[in-house]
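1. starting from these lines, generate the structure:
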Amino acid sequence: MSKVILLNGSPQEKGCTWAALNEMIPVFEKEGLETKLIHVGNKNIRGCISCGYCAKNGKCAFQDDLVNEIAPEFETADGLVVGSPVYYASPNGTILSFMDRLFYSTNFSKHMKVGAAVVSCRRGGNTASFDALNKYFTISGMPVASSTYWNQVHGFTAEDVQKDLEGLQTMRNLARNMAFMIKALSDAKEKYGLPDIETDSFTSFSDGK
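-> Numbers count the residues shown, from 1 in each chain. Predicted coordinates for the structure are as follows:
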């Protein structure tokens, strides 16, 4: 069975971000996908220090949080949904630190896993946050799932989000699209195999020219 991991990057366990992600779960399950919702926004997660430990040991040097615990689940998952509230027109710092370390410390291929970003805000800053989260996917060869509007909900509380009918509709459509992509990519992988990836060229201009 295909699996989707949903990360709640909000400090609030059942706040606006949770309400958005929770709207997607019944759709995934109806489509036959296994889901796991993980709350990371309330953890003490420090940023990556580029120490190189993960390159030698296959995991992050820090044992202070969920990064090494979730990495094996991410490796076996077919899709990843990352949800965050908007802080100063940017994702929550905790989820950014988590994503930096999760993506940097894992050397398994993320190619053709489906990614989706979800953001929640009271009013503004949503599209900038949405853009920042999507970049983790696009640098990793992960197709990005879209919906019928930006993947966002509005509100100050989870109860407010329940009034954002278009936002909730967007979440359900996102889940349907993501489930379709996961199934289609699974079929294509069996029929055609995964696309080849070239890795020989690395532009660094080390000669200073």
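2. residue contacts, Gly125?
-> Val86, Tyr87, Tyr88, Ala89, Ser90 (CB atoms under 8 Å, 6 or more residues apart in numbering). C-beta coordinates here come from the backbone N, C-alpha and C atoms, glycine included.
3. over to Leu168?
-> For Leu168, counting by CB under 8 Å, 6+ apart, the contacting residues are Ala20, Glu23, Val153, Val161, Gln162.
4. how does it look with 6 Å?
-> Leu168 makes contacts with Glu23, as judged by CB atoms under 6 Å, 6 or more residues apart in numbering.
5. make sure it is indeed in a strand.
-> No - secondary structure assignment places Leu168 outside any strand; it is helix (DSSP: H, G, I helix; E, B strand; the rest coil).
6. name the element Ser97 belongs to?
-> Ser97 is part of helix 93-105, with elements assigned from DSSP states H and E.
7. distance from that helix to the middle of the chain?
-> 10 Å (CA atoms, centre = their mean, to the nearest Å).
8. just to revisit the earlier point, let's see which of the contacts of Gly125 end up in strands.
-> The members of the contacts of Gly125 that map onto strands under DSSP state E are Val86, Tyr87, Ser90.
9. list only buried entries from these.
-> Val86, Tyr87, Ser90 (16 or more other CB atoms under 10 Å).
10. that older thread, let's test this: mean pLDDT of the helix holding Ser97, rounded?
-> Across helix 93-105, the average pLDDT comes to 96.
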